[in-house]
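K.L.:
Okay, structure incoming, though there's no sequence with it:
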């Protein structure tokens with residue numbers, strides 16, 4: 001055993017060296033700061049755990065129905081802070097810390113919360129000179145405030161769930177006048193990185209707080225990072241960074257910042273799931289340490305044998321450059337509870353139009369209208385479905401957004417109409433940097449209305465991006481957002497039609513000649529510095545401006561479709577996200593899974609990666625495997641760099657075309673299930689693409705799995721992401737459960753590692769026994785063409801011979817499901833050999849031409865007779881039974897998909 005462990009350790013070390021050497025081609029790290037090069041991070045990280053200098057002044061306590069306030073004092077400098085504690089509905093505790101009397105207001109993040117969170121009464125259970133105990137109202141949950149040093153503990157019964165400032169790392173740099181004892185060389189009032197100087201007119205303003213999580217070894221979230229699902233400890237290395245950046249050819253498996261930032265972390269063990277939401281939009285670094293981090297499996301076994309009593313614990317420290325401390329502690333206890341709690345704060349995933357869940361074809365760039373027409377026809381000639389064709393920056397007139405190149409795209413409405421005739425749609429890019437050109441209407445209006453971000457001296461901030469010299473609209477200004485939204489009106493956006501949608505790229509914002517390829521931190525958005533609002537910028541561009549513009553142009557009836565690269569907490573309310581400029585490499589294919597799983601954990605379900613890789617050229621094998629993976633991820637788009645060879649699905653020979661066609665067809669057949677999952681995500685906040693531990697929270701084998709995933713509860717996917725693979729090993733969770741291979745209908749027991757031989761056509765997918773999944777197996781050129789097509793129900797029986805599922809239908813594109821209750825929502829169940837459909841929402845009102853064409857019951861026994869009961873009548877149903885696979889097929893039972901009915905097996 002010991003020699004085997006040594007062998008495994010040696011193998012692991014070799015792999016580590018390989019990955020370190022293999023990543024050399026990637027990002028130029030010199031363009032981006034380390035913690036040591038970021039003055040506030042270096043300064044705060046130098047503070048080591050120990051006795052906190054902060055204490056609570058208990059005699060300042062004030063308690064109302066909705067909140068408790070208490071002053072804190074820093075004994076080193078006598079600065080007073082104001083602590084606010086709120087007990088929120090749904091088992092959430094909010095902690096705010098600000099200066100009691102700041103020289104001027106500090107930035108508090110607006111527009112992310114969907115409203116002021118509803119509170120519940122706090123009550124003091126006990127109080128003495130050392131602190132006080134508050135009731136949190138849930139069973140035996142209590143909040144303990146310790147005075148000297150200041151510390152907060154949330155307890156349930158005798159257990160500490162979470163502690164704040166238990167390591168004494170609370171730090172709050174107060175606003176001050178320049179001069180005094182501060183050392184100029186410490187980067188307090190000025191900081192230089194490469195050739196860029198940050199003037200820091202407000203001086204040091206960083207905030208920091210530590211959280212301790214007893215009993216926790218696994219933490220997740222804080223996207224976006226190209227890393228594993230389970231977050232690593234950062235001791236001796238770089239912290240995870242949250243700072244939206246345009247990172248060219250990003251590296252894998254490290255904590256560098258990428259395009260988006262969601263400051264939400266989930267902590268999980270077999271007993272409980274919790275979440276920490278750090279509401280701060282400034283540059284943020286997150287340190288993670290664990291008392292079990294360095295221990296091998298062998299070491300943990302040794303502890304167990306020796307009776308070691310050390311409780312696992314994870315410690316997390318958040319450090320932000322400015323703003324205040326505003327943190328929401330979501331106490332679960334189940335994973336689904338944390339998702340509900342977070343959704344109650346920031347909203348749920350927007351419900352995309354059905355077509356947005358279909359296949360998207362993109363590259364930088366389709367050359368002209370003839371090229372678009374040829375690509376559109378190519379899909380029909382090769383019998384491959386497609387819903388969207390995308391246009392990148394070259395479609396514009398000299399990178400002037402909201403325009404068309406007059407030579408390459410002289411008749412955009414003719415092009416759009418041609419696509420519409422095929423019942424397809426188009427996306428065109430609209431970036432937030434605006435060409436400085438006095439002949440450009442958009443620039444002139446923004447300048448005349450004084451809507452540009454300002455530089456520190458009060459002039460319009462300008463930087464270099466795709467058009468050359470560019471201005472940056474101040475999307476934090478609601479008047480600017482309203483004007484931008486109005487530009488999507490059909491009479492403003494010349495050449496646009498109702499089947500043209502939008503892609504917001506470069507909205508970190510990207511500034512090619514700026515510090516770290518982004519905007520200077522001392523640029524001004526009204527009264528606030530860019531450093532305060534940086535991570536919010538992308539949310540404002542995509543969401544509160546572009547998505548609103550799409551809604552307004554339709555008179556408020558049509559759901560928008562907007563893709564963004566930059567994002568923040570709350571971005572889920574407005575559209576889709578992708579993982580940015582990846583590369584045509586096997587490791588980039590693999591990393592797409594944990595990257596999207598991480599986004600799903602923090603509310604952003606409509607996630608995908610560029611199929612085939614943006615940079616470089618994939619081999620035929622890699623391209624096929626990427627299509628097979630992308631077909632089972634929420635946002636399914638192929639994209640490629642300008643300098644790569646063309647790679648439409650039919651350009652790699654007939655065999656590979658057939659494999660790609662089959663992967664895309666599988667996606668289209670499953671669109672009813674995908675659509676239903678996004679309806680549920682919109683209603684409840686539950687993720688669509690899920691880590692296994694979300695559904696199997698007590699199964700420790702699932703806690704680090706990130707090469708397979710669930711779609712909803714009922715489909716498990718383990719695609720092939722290794723070059724030359726002849727087999728994969730999938731973990732099928734659930735002791736006492738069964739899983740059915742969706743292609744062969746072979747049944748497998750849960751709670752096992754299953755080796756699956758694979759060929760190039762293999763996409764290992766399993767349906768959970770106990771579920772019913774609807775499909776449309778008549779795949780056509782686009783999802784819209786399939787609107788009235790019939791459904792096939794796949795009924796996978798559990799060992800108890802029961803199953804349940806749902807079917808959701810609406811018009812696929814308007815808000816009528818919400819405003820007029822125009823939808824069908826059916827509950828499907830199989831119990832006691834009877835399959836039934838019942839109305840889950842009697843007040844809804846919608847009709848469909850679709851009917852139930854076929855029912856497959858997996859794990860069935862052969863009946864002597866099958867009868868359909870509907871509208872008071874009984875009719876016989878034809879069936880076939882495959883005894884070798886225990887599959888019962890009911891052919892053309894013929895009931896309308898929106899009707900009440902029962903199928904009885906006798």
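P.N.:
Yes, it's here. All values reported here derive from a predicted model rather than from experimental measurement.

K.L.:
For the stretch 201-350 of the chain, which residues score under the pLDDT cut-off?
P.N.:
Along the stretch 201-350 of the chain, segments meeting pLDDT under 70 span 293-309.

K.L.:
what are the ranges of the helices in it?
P.N.:
For the stretch 201-350 of the chain, helices defined by DSSP state H, counting those that start in this stretch occupy the ranges 297-306, 335-346.

K.L.:
for the stretch 351-500 of the chain, same thing?
P.N.:
Going by DSSP H, counting those that start in this stretch, the stretch 351-500 of the chain shows helices at 369-381, 412-421, 441-448, 478-486.

K.L.:
Now do the longest one: everything it contacts.
P.N.:
Right, helix 369-381. 361, 366, 385-386, 389, 391, 408-412, 414-415, 418-419, 422, 424, 426, 648-650, 781 (CB atoms under 8 Å, 6 or more residues apart in numbering). Using the backbone N, CA and C atoms, a C-beta is placed for each residue, glycine as well.

K.L.:
Give me the buried entries from the residues you listed.
P.N.:
361, 366, 385-386, 389, 391, 408-409, 412, 415, 418-419, 422, 424, 426, 648-650, 781 (16 or more other CB atoms under 10 Å).

K.L.:
Give the closest residue to residue 392 in space, chain neighbours not counted.
P.N.:
In this structure, residue 392 finds its nearest non-sequential neighbour in residue 364, 3.9 Å apart by CB to CB, 6 or more residues apart in numbering.

K.L.:
I'd guessed that neighbour sits against residue 638; true?
P.N.:
No: at 11.8 Å, residue 364 does not count as touching residue 638 under the criterion of CB atoms under 8 Å.

K.L.:
In terms of neighbours, single out the busier of these two.
P.N.:
Neighbours were counted for residue 364 and for residue 638 using other CB atoms under 10 Å; residue 638 has more, 24 against 18.

K.L.:
Contacts only, for that one.
P.N.:
Residues in contact with residue 638 (CB under 8 Å, 6+ apart) are 359, 360, 361, 362, 363, 610, 611, 612, 627, 630, 647, 649.

K.L.:
which SSE is residue 622 in?
P.N.:
helix 620-630 (DSSP states H and E).

K.L.:
Next, the buried residues of stretch 486-496.
P.N.:
Buried residues in stretch 486-496 (16+ other CB under 10 Å): 486, 487, 488, 493, 495, 496.

K.L.:
now the spatially closest residue to residue 252 that is not a sequence neighbour: how far from residue 644?
P.N.:
Closest residue to residue 252 apart from its sequence neighbours, by CB to CB, 6+ apart: residue 226 at 4.7 Å. When distance is defined by CB to CB, to the nearest Å, residue 226 is 20 Å away from residue 644.

K.L.:
between the two, which one's more packed in?
P.N.:
Set side by side, residue 226 and residue 644 give different neighbour counts by other CB under 10 Å, the larger being at residue 226 (25 against 18).

K.L.:
ok now do the more buried one, which residues does it touch?
P.N.:
250, 251, 252, 253, 254, 256, 258, 579, 591, 595.

K.L.:
6 Å instead?
P.N.:
Residue 226 makes contact with 250, 252, 591 under the criterion CB atoms under 6 Å, 6 or more residues apart in numbering.

K.L.:
I figured the first one was touching residue 28, is that so?
P.N.:
When you say that, I think you mean residue 250. No: applying CB atoms under 6 Å, one finds residue 250 not in contact with residue 28, separated by 10.7 Å.

K.L.:
Look up how far residue 821 lies from residue 845.
P.N.:
Counting by CB to CB, the gap from residue 845 to residue 821 is 6 Å.

K.L.:
my bad, residue 340
P.N.:
23 Å.

K.L.:
Check which helices and strands the host helix or strand of residue 664 is in contact with.
P.N.:
Element membership of residue 664, judged by DSSP H and E, is helix 654-669. Applying 3 or more CB pairs under 6 Å, 6 or more residues apart in numbering; DSSP states H and E, we find helix 654-669 packed against helix 620-630.

K.L.:
Show me which of residue 340 and residue 821 is the more surrounded one.
P.N.:
residue 340 (18 against 14).

K.L.:
Backbone dihedrals for the closest residue in space to the more buried one that isn't next to it in sequence, both of them.
P.N.:
Excluding the flanking residues, the one nearest residue 340 by CB to CB, 6+ apart is residue 685, at 5.6 Å. Dihedral pair for residue 685: phi 90, psi 0, per degrees, to the nearest 10.

K.L.:
what's the neighbour count on residue 685?
P.N.:
23.

K.L.:
Perfect, that will be all.
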